[in-house]
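Asker: predicted coordinates and the sequence they were generated for:
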Amino acid sequence: MALPSPAGGYSVRLPSSHYRPLLHPKSLSDLLNRNNLRNPTFNRNQCFSVRPLRRKPLASDRFSRLLTSDEEGLVGESFLEAIEELERMVRDPSDVLAEMTDRLSARELQLVLVYFAQEGRDSYCALEVFDWLRRENRVDGETMELMVSIACGWIQRIICGEHEVDDVVGLLNEMDCVGLEPGFSMLEKVVSLYWDRGKKEEAVVFVKNVMGRGVVGVYGSKDGGENGRGGAVGYIAWKMMVDGNYIGAVKMVIEFKESGLKPDVYSYLIALTSLVKEQKELSKALRRLKGSLKAGKIAKLDGESIGHINNYQSELIRYAACLSEWAIEAGNSRISSLVYERLLAMYACAGFGLEAERQIWQMKLLGKEPDKELYDAVLATCASQNEGSAVRRLLAGIEDRNAEHRKKSLSWLLRGYLKGGYYLDASETLVKMLDLGLCPEYIDRAAVLEGLRKIIRVSGNIEPYIKLCKYLYDGDLIGPCLVYMYIKRYNLWIVNML
């Protein structure tokens, strides 16, 4: 079975019954035992047959010119001598290279890396060569990029093959030992390789493994990186969220935390964002369900079904409480304001008016103004639940808004009252808007009048309806009204023009 070399000029043919992705040893556990690598018998017993094939282009375009035909003649006898000596594995690679340091050019040292990075060669030797270059301060930007390219090729071959996650983690540890620190970008690449190949469970196992071993770069940058995804846990949670697995991302972050692995603070923020998206999906589903019930398309829900819905809603709220608490403990005031912002959206979507209002004031205490649309949504929610004190507090917060924004906020308030069936409060809000010179929308005026007509049918109280009609007529918003009443006992109609 022949595989393309990640960064070499030879292809290596391996026996199909002994396929190995990287090294002569049968497993990475053998690789970690240096005594095995120094044992000539071990190497002879595990060697592969190698035959030169047609030269193939290098994996990285930047280094494709390493073995061009124009430069093949520039490779001296010292290079071939170094390769032969290193392959014999009699002496430590650092001793061999130190002896020949004056006879090998920088390009030839790069070619040594390329040679031993090939499939079937001793990849551990490539790592030792790089370690020696680093200690001798001979690693420039080009050499570092070459070694990273080689390492990425190794990782890709392991992931594409049927190999354990421990093999990838073991390679990352070896890279760290020789000074090739596997930063967050390397971990991100590993997760992406697993994810793109449908190996999502392996990606999660990999992140757990590297966090447990404390691999460099697992927590990303302190500011959350360019995309605000944090470290490895945050990145994989973000991948889940993009795939639409909102609750899966939430549960994964909570599981990491409860197992003592300490996810980065941005993981909690991503989980909270996923939780808000899950709450939105639940709220939309419940609205569709209520619409179907109202239209008679489905039968009335039984107690068990209602219990399941309520339990799931309570579960989402519990998750929000846990994640927000952990994020605030691990973060700073900026993180706290982001947490309250997500909680505000969460409670607003769930219809928890007082809890949502509390997040507004928490944000204001930290100097962050909440989104105006969310603020208005909370105002409407509190109105629909007849939370008078909360409504008054929230109304005080819109006094400094301009006329356009104040009209929008009062319209939300009016609709909140209508949704809750508080038609008298909606009428008072409509009158208040007229007093402030804010003309309500026609649909809002019509909805309030319809609500007051319902009051007449239930209680017979006509006064609020007549009062509002006069107010609207004075504002030139409606024409003259005919108010009529039929007294069945006397077969009498009473009609009056307003």
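Answerer: Great, that's in hand.
Asker: what strand or helix carries the residue nearest to Lys200 when sequence neighbours are not counted?
Answerer: Once flanking residues are discounted, Lys200 sits nearest to Tyr194: 7.0 Å by C-beta to C-beta, 6 or more residues apart in numbering. The way it works is simple: take the backbone N, C-alpha and C, and place the C-beta from them, glycine included. Per DSSP states H and E: Tyr194 is located in helix 184-196.
Asker: output the contacting helices and strands for the very next helix or strand once past that helix.
Answerer: Counting by DSSP H and E, the next helix or strand C-terminal to helix 184-196 is helix 200-213. Applying 3 or more C-beta pairs under 8 Å, 6 or more residues apart in numbering; DSSP states H and E, one finds that helix 200-213 contacts helix 165-177, helix 184-196, helix 232-242, helix 246-258.
Asker: dump the shortest one to PDB, keeping only the CA atoms.
Answerer: It refers to helix 232-242. Coordinates of the C-alpha atoms in helix 232-242 are reproduced here as PDB (Å, rounded to 0.1, in the frame of the first residue of the first chain):
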ATOM      1  CA  ALA A 232     -10.200  23.700  22.500                       C
ATOM      2  CA  VAL A 233     -13.400  23.100  24.400                       C
ATOM      3  CA  GLY A 234     -14.900  26.400  23.100                       C
ATOM      4  CA  TYR A 235     -13.900  25.500  19.600                       C
ATOM      5  CA  ILE A 236     -15.600  22.100  19.600                       C
ATOM      6  CA  ALA A 237     -18.600  23.600  21.300                       C
ATOM      7  CA  TRP A 238     -18.700  26.200  18.500                       C
ATOM      8  CA  LYS A 239     -18.500  23.400  15.900                       C
ATOM      9  CA  MET A 240     -21.500  21.700  17.500                       C
ATOM     10  CA  MET A 241     -23.500  25.000  17.600                       C
ATOM     11  CA  VAL A 242     -22.800  25.600  13.900                       C
END
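Asker: tell me the angle that helix makes with helix 200-213.
Answerer: 160 degrees (axes from the mean of the first three to the mean of the last three C-alpha atoms, to 10 degrees).
Asker: quick check: buried residues in helix 232-242?
Answerer: By neighbour count on 16 or more other C-beta atoms under 10 Å, the buried set for helix 232-242 is Ala232, Val233, Gly234, Tyr235, Ile236, Ala237, Trp238, Lys239, Met240, Met241.
Asker: redo those residues as TSV? Include distance to Lys208.
Answerer: Listed next are these as TSV, based on distance: C-beta to C-beta, whole Å:
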residue	distance to Lys208
Ala232	9
Val233	9
Gly234	14
Tyr235	13
Ile236	10
Ala237	13
Trp238	17
Lys239	15
Met240	14
Met241	19
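Asker: and Asn332, what are its phi and psi?
Answerer: phi -120, psi -170 (degrees, to the nearest 10).
Asker: make 529 the first number, not 1, from now on.
Answerer: Yes, from this point I'll number from 529; that puts the last item at Asn860.
Asker: can you get me a residue count around it?
Answerer: 9 (other C-beta atoms under 10 Å).
Asker: so what's it up against?
Answerer: Not one residue lies near Asn860 by C-beta atoms under 8 Å, 6 or more residues apart in numbering.
Asker: confidence score at it?
Answerer: Here the pLDDT value assigned to Asn860 is 86.
Asker: relative to Ala873, how far out is it?
Answerer: In this view, Asn860 and Ala873 are 21 Å apart by C-beta to C-beta, to the nearest Å.
Asker: other SSEs contacting the helix holding Tyr722?
Answerer: helix 669-688, helix 693-705, helix 728-741, helix 760-770.
Asker: hmm, back to that, residues contacting the residue nearest to Lys728?
Answerer: Ile687, Lys728, Glu730, Ala731, Phe734.
Asker: so who does the fourth one touch?
Answerer: Going by C-beta under 8 Å, 6+ apart, Ala731 touches Val718, Val719, Tyr722, Trp723, Ile764, Lys767.
Asker: again, but for the third one
Answerer: If you count contacts by C-beta under 8 Å, 6+ apart, Glu730 has them with Val693, Tyr722.
Asker: what of the last one?
Answerer: Contacts for Phe734 were tallied using C-beta under 8 Å, 6+ apart; they are Val693, Val696, Val697, Val718, Val719, Tyr722.
Asker: picking that back up, grab the two from the contacts of Tyr722 that are most spread out in space.
Answerer: Ile687 and Lys728 (12.6 Å; C-beta to C-beta).
Asker: quick one, which of these two is more surrounded?
Answerer: Ile687 (23 against 17).
Asker: tell me where the stretch 729-878 of the chain has strands.
Answerer: In the stretch 729-878 of the chain, no strands are defined using DSSP state E, counting those that start in this stretch.
Asker: could you export the helices and strands packed on helix 728-741 as JSON lines, including distance to Glu673?
Answerer: Output for the helices and strands packed on helix 728-741, formatted as JSON lines (distance: least, C-beta to C-beta, whole Å):
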{"stretch": "helix 693-705", "distance to Glu673": "14"}
{"stretch": "helix 712-724", "distance to Glu673": "13"}
{"stretch": "helix 760-770", "distance to Glu673": "23"}
{"stretch": "helix 774-786", "distance to Glu673": "33"}
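Asker: mean pLDDT and distance to Gly965 added to these, as TSV?
Answerer: Shown next, in TSV, are those (pLDDT from 0 to 100; distance: least, C-beta to C-beta, whole Å):
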stretch	mean pLDDT	distance to Gly965
helix 693-705	85	67
helix 712-724	89	56
helix 760-770	93	45
helix 774-786	95	44
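Asker: deepest in the core, which of those helices is it.
Answerer: Stretch with highest mean neighbour count among the helices and strands packed on helix 728-741: helix 760-770 (a mean of 25; mean count of other C-beta atoms under 10 Å).
Asker: hang on, the earlier thing: quick check, nearest of the contacts of Tyr722 to Arg973?
Answerer: Once C-beta to C-beta is applied, the member of these that ends up nearest Arg973 is Lys728, at 53.5 Å.
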